[in-house]
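A.B. asks: Pasting the sequence and the predicted model now:
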Amino acid sequence: MTRWTLLFLVALLCVLVPRYATYSPLPEDVFIDCAVEPSENKLLGLWELDRINNYEALQEGLSQSDSAILNFLTLRAYPFLLERSQLYRIEQCGNQFALSVNFFRTWFVSSAEVEESSIKVALKDFQEELKESFAEVLTDVKDALSIEEKPVFDKQLKFLVKPNDLIVSGELTFTNNELKIYGSFNGKNYKERIYYDAGELIRELSFTGSQLGSTDFIYRRYP
């Protein structure tokens, strides 16, 4: 075996071993039976993690260990392994979104309703009433306003799949083609911003009180 062949095999093992050691099948689509055409936005689809920026901030937010050695190994190993194994899927059905992401072999699957930012309301034609009397029109408007109820949206994330030992919650919003989550992970408050930028999906995750800023998970389209 030549030196170049050995180097090739070592490089191949460095790629394949982490991938298959952390592999977990993608769960079934949440909205597999959805009959509503999704609105056009670039967030939807399946993405694979390409790189992580500032993983130290996430480590600081989640770390519960006092072991400096363990924290050092985690800080070096986790980004390397996640960049070779993590998938992120965004689905939409009407005003509902579903988010699926894996942390190695563990899947988090959640869904929530969002309030559409550009709902077009059909206005009632008051032309005939105006011809009859201005006062009658005002009465009709007041009656309509008193009867009409604004739709209530359940923005709370419902976790369909997650580890039983984790306490996680969140509220989802969708504005300006961005998804935002304000939530709590094992008692620690966090904010997550998900948006599309130059062909990539960005997940910007930060914990309240963090001194290191946010961690960016940067994805590319899954082939």
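C.D. replies: That came through, no problem.
A.B. asks: okay, and for the protein, where does confidence drop off?
C.D. replies: Of all residues in the chain, those with pLDDT under 70 make up the ranges 1, 3-22, 64-66, 116-154.
A.B. asks: That one: helices as residue ranges?
C.D. replies: Residue ranges of the helices in the chain, as given by DSSP state H, are 3-21, 55-62, 68-82, 127-132, 134-147.
A.B. asks: Pick out the residue closest to the middle of this structure.
C.D. replies: By Cα atoms, centre = their mean, the mean C-alpha position of the chain lies nearest to Leu99, the distance being 5.2 Å.
A.B. asks: Okay, and the beta partners of it?
C.D. replies: Ile90, Ser110 (DSSP bridges).
A.B. asks: any idea how far Phe80 is from it?
C.D. replies: 24 Å (Cβ to Cβ, to the nearest Å). In short, each C-beta sits where N, CA and C put it, glycine included.
A.B. asks: now swap in Asp216 and tell me
C.D. replies: On the measure of Cβ to Cβ, Asp216 and Phe80 end up 16 Å apart.
A.B. asks: what does Tyr222 give?
C.D. replies: Tyr222 sits at a distance of 19 Å from Phe80 (criterion: Cβ to Cβ).
A.B. asks: same check, this time on Glu48
C.D. replies: 15 Å.
A.B. asks: what about the two, which has more around it?
C.D. replies: Glu48 (16 against 13; other Cβ atoms under 10 Å).
A.B. asks: Excluding residues flanking it in the chain, which one is nearest that one?
C.D. replies: The spatially closest residue to Glu48, leaving aside those adjacent along the chain, is Tyr222, at 4.7 Å (Cβ to Cβ, 6 or more residues apart in numbering).
A.B. asks: Which residues are in contact with the residue nearest to Glu91 when sequence neighbours are not counted?
C.D. replies: Of all residues beyond its chain neighbours, the one nearest Glu91 is Ala98 (4.2 Å), with distances taken as Cβ to Cβ, 6+ apart. Under the criterion of Cβ atoms under 8 Å, 6 or more residues apart in numbering, the contact list for Ala98 reads 29-31, 89-92, 109-111.
A.B. asks: Please determine how far Ala98 is located from Thr106.
C.D. replies: Applying Cβ to Cβ, the value for Ala98 to Thr106 is 17 Å.
A.B. asks: Then Glu171?
C.D. replies: Remark: distance between Glu171 and Thr106 (Cβ to Cβ) = 22 Å.
A.B. asks: same check, this time on Pro223
C.D. replies: The gap separating Pro223 from Thr106 is 24 Å, by Cβ to Cβ.
A.B. asks: So for the two, which sits in the more crowded spot?
C.D. replies: For Pro223 versus Thr106, the count of surrounding residues by other Cβ under 10 Å is larger for Thr106: 13 against 5.
A.B. asks: Could you give the backbone dihedrals for the closest residue to the more buried one other than its chain neighbours?
C.D. replies: Spatially, and ignoring its direct neighbours in sequence, Thr106 is nearest to Pro163 (5.9 Å; Cβ to Cβ, 6+ apart). In terms of degrees, to the nearest 10, the main-chain angles of Pro163 are phi -60, psi 140.
A.B. asks: tally of neighbours for Pro163?
C.D. replies: When neighbours are counted by other Cβ under 10 Å, Pro163 registers 11.
A.B. asks: Relative to Gln86, how far out is it?
C.D. replies: 16 Å.
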